[in-house]
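Asker: Got a predicted structure here, sequence first:
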Amino acid sequence: MEADPDHWLAMTAMGVMLANKGRLDEAMETFRRVLEANPDNATVWNDVGAQYLGFGKFEAARDAFMKAHEDPAYKKEAEKLHLLTSPLHGEEVQKLVAQLGAMPRSLYDRYSNILENPKSPVRQVNWQIVEAKITKIAKKGRFEFSLAGKTMKARMDNGYTEVKIAGKKAKTKSVKAGMACTVTYKGRRAREIACK
């Protein structure tokens with residue numbers, strides 16, 4: 001049976017028929033010819049990718065799906081249908097899975113709970129608010145302050161730590177050793193520093 005490679009739908013159907021008859025090599029050759037004749041047709045890449053996936057040819061399927069996502073018309077059509085498309089290649093997915101695997105179990109459980117129950121209450125942070133004297137400013141936003149004769153360490157982050165000096169908003173680099181401040185913090189991270 002022969003078919004015109006310009007008729008990609010018929011060729012794809014022929015490839016499926018050959019595969020169903022156990023003639024995988026011929027089916028793969030048919031798909032190769034369809035792709036060769038229609039290199040810019042995202043629908044062809046997508047359809048052939050689905051067939052490769054069904055045959056257990058995972059790398060070829062992944063490559064075909066990625067090629068389909070290169071077509072601007074394919075992306076535009078997905079947007080019209082309100083479909084989210086953010087394709088990742090296998091190596092990128094493996095990195096994400098490895099990062100998830102390295103995540104502490106308690107953090108994983110907390111995120112899982114939030115995803116399973118989006119109406120779950122927001123975690124409450126018990127901030128400590130203290131009057132203290134800044135004793136040392138170090139690199140990368142680290143600082144020390146004196147609290148009841150004890151040296152405490154914390155960190156300020158631009159974009160996270162709100163800093164006010166004499167009631168006016170300021171940058172973290174404006175905090176200097178010797179200033180008397182109200183420090184709002186949890187653990188070693190400052191949420192707010194208000195200096196006089």
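Answerer: Looks like it came in fine. Residues are numbered from 1 along each chain as shown.
Asker: From here on, just use CA atoms for contacts and neighbour counts.
Answerer: OK.
Asker: how many other residues sit next to the closest residue to Gly141 other than its chain neighbours?
Answerer: Sequence neighbours aside, Met156 is the residue nearest to Gly141 in space, at 4.7 Å (criterion: Cα to Cα, 6 or more residues apart in numbering). Here the count is done by other Cα atoms under 10 Å, and Met156 has 24 residues near it.
Asker: For Met156, give me its contacts.
Answerer: Gly141, Arg142, Phe143, Thr172, Arg189, Ala190, Arg191 (Cα atoms under 8 Å, 6 or more residues apart in numbering).
Asker: check contacts around Lys173.
Answerer: Gly141.
Asker: and it, helix, strand or coil?
Answerer: helix (DSSP: H, G, I helix; E, B strand; the rest coil).
Asker: What mean pLDDT does the biggest strand by length in the chain get?
Answerer: The residue-count maximum for a strand in the chain (DSSP state E) belongs to strand 128-137. Averaging pLDDT along strand 128-137 gives 92.
Asker: immediately after it, which helix or strand?
Answerer: As assigned by DSSP states H and E, the chain's next helix or strand after strand 128-137 is strand 142-147.
Asker: thinking again about what came up before, okay, buried residues for the longest strand of the chain please.
Answerer: Glu131, Ala132, Lys133, Ile134, Thr135, Lys136, Ile137 (16 or more other Cα atoms under 10 Å).
Asker: Show me which pair in those residues is furthest apart.
Answerer: Glu131 and Ile137 (16.9 Å; Cα to Cα).
Asker: burial of Ala27, as a residue count?
Answerer: Count around Ala27 with other Cα under 10 Å applied: 25.
Asker: show me what contacts the residue lying closest to it once chain neighbours are set aside?
Answerer: With Cα to Cα, 6+ apart as the criterion, Ala27 has its nearest non-adjacent residue at 4.3 Å, and that residue is Gly15. Going by Cα under 8 Å, 6+ apart, Gly15 touches Glu26, Ala27, Met28, Thr30, Phe31.
Asker: Quick one: mean pLDDT for stretch 146-160?
Answerer: Per-residue scores along stretch 146-160 average to 87.
Asker: Quick check: end-to-end length of that stretch?
Answerer: 22 Å (Cα to Cα, to the nearest Å).
Asker: In it, which residues are buried?
Answerer: For stretch 146-160, using 16+ other Cα under 10 Å, the buried residues are Ser146, Met152, Lys153, Ala154, Arg155, Met156, Asp157.
Asker: Just the C-alpha atoms of the strand or helix carrying Arg32, please, in PDB.
Answerer: Following DSSP H and E, one finds Arg32 within helix 24-37. Extracted C-alpha coordinates of helix 24-37, given in PDB (Å, rounded to 0.1, in the frame of the first residue of the first chain):
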ATOM      1  CA  LEU A  24       6.700  -1.600  13.500                       C
ATOM      2  CA  ASP A  25       9.700  -0.900  11.200                       C
ATOM      3  CA  GLU A  26       7.400  -0.100   8.300                       C
ATOM      4  CA  ALA A  27       5.200   2.000  10.600                       C
ATOM      5  CA  MET A  28       8.200   4.000  11.800                       C
ATOM      6  CA  GLU A  29       9.400   4.500   8.200                       C
ATOM      7  CA  THR A  30       5.900   5.800   7.300                       C
ATOM      8  CA  PHE A  31       6.000   8.300  10.200                       C
ATOM      9  CA  ARG A  32       9.400   9.400   9.200                       C
ATOM     10  CA  ARG A  33       8.200  10.100   5.600                       C
ATOM     11  CA  VAL A  34       5.100  12.000   6.900                       C
ATOM     12  CA  LEU A  35       7.400  14.200   9.000                       C
ATOM     13  CA  GLU A  36       9.900  14.700   6.200                       C
ATOM     14  CA  ALA A  37       7.100  15.900   3.900                       C
END
